[in-house]
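Participant: only geometry, no sequence info:
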């Protein structure tokens, strides 16, 4: 989780001032009792109101609460905003904990052209301990390997297809990019 905190802090520092103000205003909107902290109740209520119920899981709140005091200060909330905007809020499909570090994905599910097939991510403990149930021929890759292989495959594609594949990757990165598009998930 510390890596995500560092990334979120660096992300926030590079935001234009108007976007930093937007984050401060969202924090104030979440902090209903104006005590400078977001309680778990305020957190869940706000996210449900914004129809972002995927973020209300207890393991996400617990991971965000760095000092384990039962609430989020602004610095901890920056991590939430980053996770929401980047799409980084993944839960292990086996034990249902927030994936804060390296995790494994089923490569067949990840690359499926079938939009009804969901990706299947699991934590290192569940993968290493074989504590999951998935299709029998599943091939798992860690998230870094999957990203690296995806780029390598795109670059190895014939020129006419490479442009399309790289364009898709660029579109995905563009969606995850915050600059100029803040608030689409949070607001």
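Facilitator: Now that the structure is in, tell me what you want to look at. Computed from a predicted model, the values in this text were never measured in an experiment.

Participant: And stretch 90-103, what's buried?
Facilitator: 90-94, 97-100, 103 (16 or more other Cβ atoms under 10 Å). All C-beta atoms are positioned from the backbone trio N, CA, C, and that covers glycine.

Participant: my bad, should have said stretch 103-119
Facilitator: Neighbour counts over stretch 103-119 (16+ other Cβ under 10 Å) mark 103-107, 109-110 as buried.

Participant: Strands - which of the residues you listed land there?
Facilitator: 103-106 (DSSP state E).

Participant: Please render these as a markdown table that adds pLDDT and distance to residue 130 to the earlier fields.
Facilitator: Shown next, in a markdown table, are those (pLDDT from 0 to 100; distance: Cβ to Cβ, whole Å):
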| residue | pLDDT | distance to residue 130 |
| --- | --- | --- |
| 103 | 92 | 15 |
| 104 | 93 | 12 |
| 105 | 91 | 16 |
| 106 | 89 | 14 |
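
Participant: between those, which is nearest residue 138?
Facilitator: Taking Cβ to Cβ as the measure, residue 138 lies nearest residue 106 of these, at 4.7 Å.

Participant: Residue 84 versus residue 58, what's the distance?
Facilitator: Noted for residue 58: a distance of 17 Å to residue 84, by Cβ to Cβ, to the nearest Å.

Participant: can I assume residue 89 sits in a helix?
Facilitator: No: judged by DSSP: H, G, I helix; E, B strand; the rest coil, residue 89 forms no part of a helix; its state is coil.

Participant: Would you mind measuring from residue 56 to residue 146?
Facilitator: 27 Å.

Participant: Which one of these two is surrounded by more residues?
Facilitator: residue 146 (20 against 15; other Cβ atoms under 10 Å).

Participant: just checking, next helix/strand downstream of the helix or strand where residue 27 lies?
Facilitator: Assessed by DSSP states H and E, residue 27 sits inside helix 17-30. Once the chain leaves helix 17-30, the next helix or strand it forms, by DSSP H and E, is strand 38-39.

Participant: Quick one: find the helix or strand in this protein with the lowest mean pLDDT.
Facilitator: Least confident helix or strand of the chain, by mean pLDDT, DSSP states H and E, is helix 159-176 with a mean of 59.

Participant: Give me the residue ranges of the protein where confidence is low.
Facilitator: Along the chain, the model assigns pLDDT under 70 to residues 117, 162-163, 165-187.

Participant: Would you mind giving the domain segments of it?
Facilitator: Using automatic domain parsing, the domain ranges for the chain come out as 2-86, 103-176.

Participant: Packed most tightly, which of these would that be?
Facilitator: Highest mean neighbour count of those: domain 2-86, a mean of 16 (counted as mean count of other Cβ atoms under 10 Å).
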